[in-house]
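Visitor: sequence and predicted model, in that order:
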Amino acid sequence: MSGSPPGGVTYERGAFGRAASDRYYRLLQERVVWKQERIAIFGRDVAMPRLTAWYGDEGASYTYSGLRNDPSPWTPELAELRDAVAARLGHRFNSVLLNRYRTGRDGVSWHSDDEPELGDEPVIASLSFGATRRFLLRDRSTHERAASLELEHGSLLVMRGRSQRVFQHCVPKDPRATGERINLTFRTILPGR
Ligand SMILES: O=C(O)CCC(=O)C(=O)O
């Protein structure tokens with residue numbers, strides 16, 4: 001890690017032990033119904049550089065990058081992970097966005113999780129399984145680097161408070177990254193937003 005996470009962001013290595021992390025990684029690879037979404041960038045239709053999936057309570061729909069996501073029902077392993085993270089943080093989540101980075105050519109570009117349905121100060125709990133990937137945070141207005149974290153197998157990153165108003169985050173493409181990574185961001189979609 002270079003620099004501690006800034007205010008509102010915490011990083012915990014080894015939140016899940018090795019055996020549990022290996023098991024979840026394999027189950028998520030095999031059982032999640034992964035989608036290759038397409039998005040418009042400068043008027044061009046392109047494949048997103050990662051696979052995604054959206055699971056959650058009925059009605060917990062979420063729109064980002066112009067894509068509306070209606071949730072698939074929780075699978076047993078996703079419900080187990082949701083409950084473990086909720087118990088740890090004392091916060092209830094009703095949905096999870098999953099990202100599957102197949103190689104170092106996959107990534108997610110700078111953004112904040114600031115969609116209206118997440119409310120003003122969302123708690124976002126981000127679990128990582130598989131290959132370690134770099135996660136960058138920068139100031140939203142000055143673009144000054146705020147932190148660079150290596151998100152490891154079994155780790156838990158939490159963003160809360162005003163962190164989505166103050167920072168943007170990304171997982172840059174990394175030609176040196178070996179192997180696949182699965183990330184889960186547990187979220188709470190507020191009713192009627
Ligand atoms: O893969 C990650 O660690 C970040 C995912 C992310 O930024 C998102 O789902 O909004």
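Guide: Noted; the coordinates are in hand.

Visitor: and this protein, which residues reach the ligand?
Guide: 97, 99, 108, 113, 126, 135, 151, 169, 171, 183, 185 (C-beta under 6 Å from any ligand atom). C-betas here are computed from N, CA, C, even on glycine.

Visitor: relative to Thr10, which of the residues you listed is nearest.
Guide: Thr10 has its nearest neighbour among the residues of the chain next to the ligand in Ser126, at 10.6 Å by C-beta to C-beta.

Visitor: ok, residues contacting the host helix or strand of that closest one?
Guide: Using DSSP states H and E, Ser126 sits in strand 124-130. Identification of contacts with strand 124-130 by C-beta atoms under 8 Å, 6 or more residues apart in numbering yields 15-16, 21, 24-25, 28, 81, 85, 89, 91, 93, 113, 118, 151-160, 164, 179-187.

Visitor: filter those residues down to the buried ones.
Guide: By neighbour count, with 16 or more other C-beta atoms under 10 Å, the contacts of strand 124-130 hold 15-16, 21, 24-25, 28, 81, 85, 89, 93, 113, 118, 151-160, 164, 180-187 as buried.

Visitor: so after the strand holding Ser126, what's the next helix or strand?
Guide: Proceeding N to C from strand 124-130, the next assigned helix or strand is strand 133-139, under DSSP H and E.

Visitor: residues contacting Asn183?
Guide: Asn183 neighbours (C-beta under 8 Å, 6+ apart): 98-101, 126-129, 151, 171.
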